[in-house]
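S.K.: Structure here, sequence nowhere to be found:
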């Protein structure tokens with residue numbers, strides 16, 4: 001009986017077609033609604049309960065926070081709309097399959113493994129955030145700012161339970177991922193706002209006119225916590241812009257936007273940027289000030305909004321981890337094409353959950369987010385140029401597919417050299433990692449065009 005059930009389950013899971021190796025057919029394209037909800041749900045996330053408090057800890061001044069978030073989030077939306085979405089709609093392919101056409105199987109293999117592991121780390125942080133709330137009723141000790149290793153067996157068990165639920169939703173495919181986000185988002189953002197409003201009187205805000213003085217003097221004071229570096233307007237702006245650099249400039253959201261009917265649907269990302277990366281970051285900063293510097297997301301939310309706050313942290317972690325594990329599963333799928341997609345996603349969820357056991361993923365989230373976006377950014381420049389601009393330059397697109405290459409050295413050298421130059425700029429010129437994405441993209445673009453001009457002359461089309 002059990003064997004028959006497993007066979008039926010395997011058959012049903014195999015029937016879920018996510019078009020991992022082919023363009024999404026016209027009949028499966030989606031309208032605005034799915035993207036508005038997905039972006040809102042994904043970016044109104046459990047990690048907002050981490051990023052908002054970290055801005056407070058790094059001593060961001062109130063005026064720098066507000067203007068930095070406004071400008072940075074606008075730039076992020078424009079990056080989705082004018083860089084990622086046009087490529088996704090034109091190719092209707094995942095990032096990972098498009099890379100095979102441009103870079104060849106061996107280079108794509110290297111990149112996709114790095115990409116998948118980076119997304120596993122990111123999704124792991126979301127699972128850990130949810131676990132900080134799930135563990136509250138059981139008295140499990142929450143990780144502190146300086147914790148790197150798992151703090152208890154209870155913490156590990158909680159993480160694995162949360163990871164299992166999130167992985168199951170990701171296995172069910174994009175439709176379920178988007179549906180989960182659409183249902184969850186309206187309630188989550190209301191909890192963020194309500195919780196912040198509820199604790200304002202504790203900070204001395206009893207009228208609208210009280211807010212700005214308290215914000216400047218009691219929340220975003222401009223004074224970093226002991227042992228933390230000082231953040232300015234520029235840190236906030238570039239972090240807001242590049243927090244999701246891997247998704248928009250790095251092109252990972254091709255995997256999502258390939259389902260879009262029009263490239264203008266890239267503007268749907270504004271729901272995530274301004275409900276999540278503006279309102280939620282500010283709200284969680286307020287909650288941190290009211291919680292006297294507590295950093296565990298579940299504890300912060302519970303102290304301010306009770307059970308509703310704790311549940312919000314759980315759901316917020318899920319809505320972000322679901323599409324992130326989905327992306328990572330697609331990346332691993334391109335590495336292991338003989339595996340069924342649901343089995344790859346299950347493996348991805350297991351790897352992600354193991355990573356989530358380590359609190360350092362959450363406590364060092366700002367640095368990690370900046371790093372993973374930077375690592376994946378050069379290939380985003382390669383894809384954008386190859387798909388959108390090379391035909392206009394009378395240069396060859398999809399060179400690996402055309403010439404039968406398994407390693408496109410123009411793309412490979414662009415990736416490696418860009419990262420080396422960014423490392424040099426960081427170590428020897430003292431420019432922080434938060435700021436490297438912008439010069440890095442232009443370095444990658446110039447390298448790819450320059451190298452390709454010479455490299456493509458040596459390549460001949462594969463005989464038909």
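M.R.: Here it is on my side, so go on. Keep in mind it's a predicted model, so treat the numbers as computed, not measured.

S.K.: From here on, just use CA atoms for contacts and neighbour counts.
M.R.: Fine.

S.K.: For residue 28, grab the count of nearby residues.
M.R.: 12 (other Cα atoms under 10 Å).

S.K.: Need the pLDDT of it.
M.R.: pLDDT, the model's per-residue confidence, is 81 for residue 28.

S.K.: now the spatially closest residue to it that is not a sequence neighbour: how far from residue 199?
M.R.: Sequence neighbours aside, residue 259 is the residue nearest to residue 28 in space, at 6.9 Å (criterion: Cα to Cα, 6 or more residues apart in numbering). Relative to residue 199, residue 259 is positioned 41 Å away (Cα to Cα, to the nearest Å).

S.K.: Report the buried residues of the helix or strand harbouring residue 169.
M.R.: Assigned by DSSP states H and E, residue 169 belongs to helix 153-171. Neighbour counts over helix 153-171 (16 or more other Cα atoms under 10 Å) mark 155-156, 158-160, 162-163, 166-171 as buried.

S.K.: Let me see the mean pLDDT of that helix.
M.R.: If you average the pLDDT values across helix 153-171, you get 80.

S.K.: Summarise which helices and strands it is packed against.
M.R.: Using 3 or more Cα pairs under 8 Å, 6 or more residues apart in numbering; DSSP states H and E, the elements in contact with helix 153-171 are helix 105-134, helix 174-199, helix 297-335, helix 341-356.

S.K.: That helix to helix 341-356, inter-axis angle?
M.R.: 150 degrees (axes from the mean of the first three to the mean of the last three Cα atoms, to 10 degrees).

S.K.: Which one of residue 259 and residue 199 is surrounded by more residues?
M.R.: Using other Cα under 10 Å as the criterion, residue 259 and residue 199 rank with residue 259 on top: 26 against 21.

S.K.: how about that one, what does it touch?
M.R.: Neighbour list for residue 259: 24, 28-30, 89, 92 [criterion: Cα atoms under 8 Å, 6 or more residues apart in numbering].

S.K.: What's the ChimeraX line that selects buried ones from these?
M.R.: Only the buried entries of the contacts of residue 259 go into this ChimeraX selection, using 16+ other Cα under 10 Å:
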select :24,30,89,92
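
S.K.: Out of the contacts of residue 259, which is nearest to residue 317?
M.R.: residue 30 (24.7 Å; Cα to Cα).

S.K.: Residue 261 is in contact with the closest one, correct?
M.R.: Yes: between residue 30 and residue 261 there is a contact under Cα atoms under 8 Å: 5.9 Å.

S.K.: Where does the prediction get shaky in the stretch 51-200 of the chain?
M.R.: 136-139, 141-148, 170, 173-185 (pLDDT under 70).

S.K.: for the stretch 301-450 of the chain, same thing?
M.R.: Short version for the stretch 301-450 of the chain, where the test is pLDDT under 70: 305, 318-320, 322, 326-327, 330-331, 333-341, 360-366.

S.K.: Give me the secondary structure label for the residue most central in space within the chain.
M.R.: Nearest to the centroid of the C-alpha atoms of the chain, with distances taken as Cα atoms, centre = their mean, sits residue 244, at 5.2 Å. Secondary structure state of residue 244, per DSSP: H, G, I helix; E, B strand; the rest coil, is coil.

S.K.: Ok, the one 4 residues further on next?
M.R.: Under three-state DSSP, the three-state class of residue 248 is coil.

S.K.: Not counting sequence-adjacent ones, nearest residue to it?
M.R.: residue 80 is the one closest to residue 248 (Cα to Cα, 6+ apart), at 4.8 Å.

S.K.: Could you check how far the one you found is from residue 39?
M.R.: For residue 80, the distance to residue 39 - Cα to Cα - is 11 Å.
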